[in-house]
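Colleague: Coordinates for the following, if possible.
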Amino acid sequence: MESVIVKNLRPEFEPVAVVWSDTIPTDAFQYKNGKFGCVLYLFAEASTRGKISGGSRESIICTGGRAALGFGTDFDISEEQLDLHAALFSKGLKSANNREAYQAEIEAAPKSWRSMYEYGERRHCSAELAREWILHEFPRYDIQYKYVLFKPLSRTSFDENVRAVVFPVNPVEFSGLVTLAGSVMRGTDPLRAPQGTDCCSISAFAYAEAESATPKAVLGMLGSDGRNVMRRRFRNDIMTVTLPAPLFLRMEQEADDCIFQIPSWKMLVGR
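Modeller: Now for the predicted structure:
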């Protein structure tokens, strides 16, 4: 699609459409079934390399990645899993109720992720708060589609089942995009910065915002683990702003007559 926002913002990195689909192109990048891979790399493939990528319930073996994309939520499928994830999202081994079982999970994890399991993601100061987040705060989806695709926005059609559009942005681009979002909303808070993994900020939280009467943009790349995954493809000053589809379409209507056209913006970006 030819995006009016992109035409005016001229972002350094390609925005990516998150698409629900029952099919995936034969040349799309996806992980082999049973092989561990991070959802954020699928997003990066689309943004930095122009490839269509995607995942299914079979190819995404990370429990958090499946939950983020909308393939069901298994964080609390059993008391053991709830304990595991509450510890992982808080302080790791020392937060676990069953430390022996948690230690086994550490040893079974990919080597590059073992320190994260040991220390925890520290998104919550206690396992109790993490449990509350899992049980009552996390947006849960079990979508009726086989795949979630990450497509370069320029390779996406308006008639596809686009659920959100993810913009990787530097600080200047961030300021313009959030100002544009705020200009089409009532109130003073156009941006949500949810506590959760970075894969959730580009998918599940945006899905939830799309269902809101007043959908907000979602700020992402706030986690140290996610940023470490992404630093090979993006710079350290790059954040993500995910626009739920209804908000993206509203902003498209305004993008030819917004902050991007005023003299101070043109001076800021050197045009």
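Colleague: those strands in this protein, which residues are they?
Modeller: Ranges of strands in the chain, per DSSP state E, are 16-21, 53-56, 147-152, 162-169, 191-192, 217-220, 239-244.
Colleague: hmm, who's touching the shortest one?
Modeller: This means strand 191-192. The set of residues external to strand 191-192 that reach it, using C-beta atoms under 8 Å, 6 or more residues apart in numbering, is Val178, Ala181, Gly182, Phe205, Glu209, Lys216, Ala217, Val218, Leu219, Val241. Placement of C-beta: from N, CA and C, glycine included.
Colleague: Next: stretch 254-269.
Modeller: Against stretch 254-269 from outside (C-beta under 8 Å, 6+ apart): 3-5, 7-10, 172, 176, 179-180, 183-184.
Colleague: For that stretch, list every residue counted as buried.
Modeller: Neighbour-count burial for stretch 254-269, counted by 16 or more other C-beta atoms under 10 Å, picks out Glu254, Ala255, Cys258, Ile259, Phe260, Trp265.
Colleague: Local confidence estimate at the last one?
Modeller: Meaning Trp265. Reading off the confidence values, Trp265 has pLDDT 96.
Colleague: For it, give its distance to Ser56.
Modeller: Counting by C-beta to C-beta, to the nearest Å, the gap from Trp265 to Ser56 is 41 Å.
Colleague: tally of neighbours for Ala46?
Modeller: 28 (other C-beta atoms under 10 Å).
Colleague: isn't it right next to Val16, touching?
Modeller: Yes: counting by C-beta atoms under 8 Å, Val16 is a contact partner of Ala46 at 4.5 Å.
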